[in-house]
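>>> Just the structure for this:
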Amino acid sequence: MRKLTIALFLALAVIAPSVSAKTHSQGRPMALHLVQKIYVEDMGTSPEAARFRLLLEDQLSENGFVVVAKREEADAVLSGAISVSRSGSTEVRRT
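Presented below is the predicted three-dimensional model:
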């Protein structure tokens, strides 16, 4: 669990610059400091990826963001992929 938490914080540092923020009505980019509602896409199909997504959503909520269930409701979409090797190391890739 500790490795997953560490991976979560590393992922936030890696993924944060790639958050896409567009208003749906205008289709123009939105300033990231105005983002309040975030949709987190699936991070893969493994149980670890699902757990990582839940931890990420919790961390975003704890840091003042509203995590929404539908992409259309969001100010920004956070996407990426996580894979865990047999040795236990975790890799997070942003998309």
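>>> can you pull out the strands in the chain?
Secondary structure of the chain (DSSP state E): strands at 20-21, 37-40, 66-67, 76-78, 80-84, 90-94.
>>> buried ones in the longest helix belonging to the chain?
Identified as the longest helix of the chain according to DSSP state H is helix 47-62. Neighbour counts over helix 47-62 (16 or more other C-beta atoms under 10 Å) mark 48-49, 51-53, 55-57, 59-60 as buried. From N, CA and C alone the C-beta is placed, and that goes for glycine too.
>>> what's the closest of the residues you listed to residue 76?
residue 60 (10.3 Å; C-beta to C-beta).
>>> tell me the contacts of that closest one?
38, 40, 67, 78 (C-beta atoms under 8 Å, 6 or more residues apart in numbering).
>>> returning to that earlier point: and the longest helix of the chain, what's its mean pLDDT?
For helix 47-62, mean pLDDT rounds to 91.
>>> and the angle for that helix with strand 80-84?
Using axes from the mean of the first three to the mean of the last three C-alpha atoms, to 10 degrees, the inter-axis angle of helix 47-62 relative to strand 80-84 is 130 degrees.
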